[in-house]
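prediction below, plus the sequence it came from.
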Amino acid sequence: MEIVFSGEVVEWRGPAPFHFVRLPLDAADLVDEVKADVVYWGVVPVRARIGDTAFTTSMFPREETWFLPVKDAVRRAEGVDLGDVVDVRVWVGA
C-alpha cells in the first residue's frame, strides 16, 4: 500500500531526541486497515521517501496515529529541520 501525505517534523524526547512525521488521521486509518498483515513487534515496517531520499524504517503507534521516524541522514540530505512540513511517500509492509 502506498500513502502520500504532508506533515510537520516533530521531536520525541527520550534519552536522545528523535525526529518523526505524524501521519494524518486519514492516512493512519489506511495503515490500521492493513496492520494485522504487516505489524512486527508492534511497529509497521515501511519504505519511505522524502524529497529525493529513500529510506527504510518502522512506524510507531502514538497519539492515535502512526509516527514515521526521520533518520538524521535523511534530514541532512534534504535540509529538513524541526518544524518543517515535508511531503512524504510511504510504502507499507516494505
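Sure, I can see it. Numbers count the residues shown, from 1 in each chain.

what are the contacting residues of the helix or strand of the chain with the lowest mean pLDDT?
Comparing every helix and strand of the chain by mean pLDDT, DSSP states H and E singles out helix 25-38 as the least confident one, with a mean of 78. By CB atoms under 8 Å, 6 or more residues apart in numbering, the list of residues contacting helix 25-38 from outside reads 1, 3, 5, 23, 44-45, 59, 64-66, 90, 92-93. Glycine gets a C-beta too; all of them are placed from N, C-alpha and C.

just the CA trace of the helix or strand just after it, in PDB.
If you walk from helix 25-38 toward the C-terminus, the next helix or strand you reach (DSSP states H and E) is strand 44-50. Provided in PDB are the C-alpha atoms of strand 44-50 (Å, rounded to 0.1, in the frame of the first residue of the first chain):
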ATOM      1  CA  VAL A  44       4.800  -1.300  10.900                       C
ATOM      2  CA  PRO A  45       7.800  -1.700   8.500                       C
ATOM      3  CA  VAL A  46       7.800   0.800   5.600                       C
ATOM      4  CA  ARG A  47       9.800   2.200   2.800                       C
ATOM      5  CA  ALA A  48       9.600   5.900   2.600                       C
ATOM      6  CA  ARG A  49      10.700   8.900   0.500                       C
ATOM      7  CA  ILE A  50      11.200  12.500   1.500                       C
END
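
which SSE is the residue positioned nearest the centre of the chain in?
With the centre of the chain defined as its mean C-alpha position, the nearest residue by CA atoms, centre = their mean is residue 68, 1.7 Å away. For residue 68, the element it lies in under DSSP H and E is strand 65-69.

what's the angle between that strand and helix 25-38?
Note on geometry: by axes from the mean of the first three to the mean of the last three CA atoms, to 10 degrees, strand 65-69 and helix 25-38 are set 80 degrees apart in direction.

elements contacting strand 65-69?
Judged by 3 or more CB pairs under 8 Å, 6 or more residues apart in numbering; DSSP states H and E, strand 65-69 is in contact with strand 18-22, helix 25-38, strand 44-50, strand 53-62.
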